[in-house]
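>>> Mind folding the following:
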Amino acid sequence: SDAGDRQAALDSITEAVTHYRALAEANPAAFLPNLAGSLNNLSNQQSNAGDRHSSHLITNQLLASFPPGPRAELLVSRAHWLFTQDEHAEAITNLVSAARYADEAADPMWAGRARRSVRDLVETMRQSSIPRALMDQATAKLPDWAVVKLLDECIERFNRWLSAQDWSEREDFLRQTHAVLTTPEGLAILDIVRALYPEAMGLNNLAELLQEAEARGLPQVLDERRAWHTASDLLTKWLATPTWPEDLEFLRSNSALLNDPLVRNLLIANSDDPSSRQHLGILELADRLAIPDIYDAITDPTTAVDTAMAFIKQGHPEGIIPLLLAVPVLSRLPFVAPYLIAVHQLFAPADEDQNATHDTNELIKQAVTEGSEIQRGAGAKRLQELARHRPGHAGVLHALADALTAPSQDNPEETATSDAG
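Residues are numbered from 1 along each chain as shown. The predicted model follows:
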């Protein structure tokens, strides 16, 4: 272009737009600024050639291929270019459209990035010689997050919240700033900052806390959150113990873990994690067994099996599931696993029983197939013992015991052993 070959310049920048479009469509976070810059260069060349209309058509076609967030950024770039060309009214039109697309962006990262881009251009326009009436017109059409001025002290306040290292610092922050944050102006500023930085989830947490404090009072909310964080921190340390002896010693030294409902709720909420499930089983077993006995079962599968069978014999089938959680190897043992699950399902609550994945009779059939004579005979005896403790289930328990000791179809002469010790 500087050499006077405008057509070659137009061809080159058109090719650049094509390449950057492909790159930006594949990775908009990395290449969108390059595409925006090349589009502005294209607008310059076409304007020099007296064909500004074509550059707008190309940009409009490109916009349709991008989601709302990137589309908003491209519109801001075009608005900035129009502003530099003193096309103020058209620049404002593009800026208003960009703000609308920024609010439509589903991705928090793109929503925040696009909104901050709109806001930056608004500030640039304010500091220019644009007519005041035109600027007022733009301000009236744009959302608050684009035009409301934020004092440095407001930004510092929210940065302090986001940079807090633990709950103690956050609690101090809330006590010191609650009165300011909950004024109408303070809440409005928080909404604006959340809109500009939606990816900063800590700001959403702050808004939720303020809402809770409004409904139930700040002291109560702080007490509840302090208790939650205390339980969470203690639980995190427990789960991080590297060996079972250290796990046992930690539990002995922090007996609050045993009876704190928050701890169990946290473990249930994180039940997708195998370690959380196992420690939930430990706590629930602690209602039935001595702590050292629980860890003996965890570290010795034979002890775990004996413990499970004792639960059945003594009339405590409710201990089966906590034991399976604490000692997951039990759920993989032949005979033992289907036998225990069958007994559990027989005594499971109605709503849990409806969700059972295996029929009790089918599980007993599986146990018959997988178990030895000694296992089946001992299993039948324990079911008969359980029937004495739970007479309401005696009929079905005796039927299951009979199924365990029935002669095998493969060997009709087989008889069940009556005593397995």
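
>>> Please name the residues that touch the closest residue to R288 other than its chain neighbours.
In space, not counting the residues next to it along the chain, R288 is nearest to G319; the distance is 5.0 Å by C-beta to C-beta, 6 or more residues apart in numbering. (C-beta placed from N, C-alpha, C; glycine too.) Contacts here follow C-beta atoms under 8 Å, 6 or more residues apart in numbering; on that basis G319 touches 285, 288-289, 307-308, 311.

>>> ok, now H393?
Contacts here follow C-beta under 8 Å, 6+ apart; on that basis H393 touches 346-347, 386-387.

>>> so how far is E362 from it?
Remark: distance between H393 and E362 (C-beta to C-beta, to the nearest Å) = 18 Å.

>>> Neighbour-wise, which one of the contacts of H393 leads?
Neighbour counts for these were taken using other C-beta atoms under 10 Å; the highest belongs to L386, which has 24 neighbours.

>>> what's the spacing between that residue and L400?
Remark: distance between L386 and L400 (C-beta to C-beta) = 10 Å.

>>> Check H344 too.
When distance is defined by C-beta to C-beta, H344 is 13 Å away from L400.

>>> same deal with W167?
The spacing between W167 and L400, counted by C-beta to C-beta, is 51 Å.

>>> And those two? Which one has more around it.
The residue with more neighbours, out of W167 and L400 and counting by other C-beta under 10 Å, is L400; that gives 25 against 16.

>>> Can you give me the buried ones in the helix or strand that that one is a member of?
Secondary-structure assignment from DSSP states H and E places L400 in helix 394-405. Buried positions in helix 394-405, judged by neighbour count with 16 or more other C-beta atoms under 10 Å: 397, 400-401, 403-405.

>>> next one: stretch 40-56
Under 16+ other C-beta under 10 Å, the buried positions of stretch 40-56 are 40-46, 54-55.

>>> can you list contacts of that stretch?
For stretch 40-56, contacts defined as C-beta under 8 Å, 6+ apart pick out 1, 6, 9-10, 13-14, 16-17, 39, 58-59, 77-78, 80-81, 85.

>>> repeat for stretch 320-332
By C-beta under 8 Å, 6+ apart, the surrounding residues in contact with stretch 320-332 are 274, 277-278, 280-282, 284-285, 288, 294, 297-298, 301, 304-305, 307-308, 311-312, 336-337, 340-341, 343-344.

>>> average model confidence for that stretch?
Model confidence over stretch 320-332, given as mean pLDDT, is 96.

>>> just stretch 263-272 next, same as before
Stretch 263-272 comes out at a mean pLDDT of 96.

>>> Next, the buried residues of it.
Counting neighbours by 16+ other C-beta under 10 Å, stretch 263-272 gives 263-264, 266-267 as buried.

>>> Inside strands: which ones of those?
Of those, none are assigned to strands by DSSP state E.

>>> now those residues as TSV including distance to I189?
What follows is the buried residues of stretch 263-272, written out as TSV (distance: C-beta to C-beta, whole Å):
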residue	distance to I189
V263	37
R264	39
L266	33
L267	38
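
>>> Name the nearest of those residues relative to E214.
Of all those, the one sitting nearest E214 is L266; the distance, using C-beta to C-beta, is 25.8 Å.

>>> That closest one contacts L235, doesn't it?
Yes - using C-beta atoms under 8 Å, L266 is in contact with L235, at 5.6 Å.

>>> For the contacts of G319, give me CSV that also has distance to E73, secondary structure and neighbour count.
As requested, the contacts of G319 are exported to CSV (distance: C-beta to C-beta, whole Å; DSSP: H, G, I helix; E, B strand; the rest coil; neighbours: other C-beta atoms under 10 Å):
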residue, distance to E73, secondary structure, neighbour count
L285, 56, helix, 25
R288, 61, coil, 16
L289, 61, coil, 21
T307, 62, helix, 23
A308, 61, helix, 25
F311, 63, helix, 24
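
>>> Those into TSV, with extra columns for pLDDT and distance to S331?
Below are the contacts of G319 laid out as TSV (pLDDT from 0 to 100; distance: C-beta to C-beta, whole Å):
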residue	pLDDT	distance to S331
L285	97	15
R288	94	19
L289	96	19
T307	97	14
A308	97	11
F311	96	15
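
>>> Out of those, which comes closest to R132?
L285 (74.2 Å).

>>> quick one, what contacts that closest one?
Contact criterion C-beta under 8 Å, 6+ apart gives 294, 297, 319, 322-323, 326 as the residues in contact with L285.

>>> Go again with 7 Å.
If you count contacts by C-beta atoms under 7 Å, 6 or more residues apart in numbering, L285 has them with 294, 319, 322-323, 326.

>>> now L239
Listed by C-beta under 7 Å, 6+ apart, the contact partners of L239 are 275, 279.

>>> re earlier: could you flag which of the contacts of stretch 320-332 are buried?
277-278, 280-282, 284-285, 288, 294, 297-298, 304-305, 307-308, 311-312, 336-337, 340-341, 343-344.

>>> so how many other residues sit close to M109?
M109: 12 surrounding residues under other C-beta under 10 Å.

>>> looking at the chain, which helix or strand does the model trust least?
helix 350-354 (a mean of 55; mean pLDDT, DSSP states H and E).
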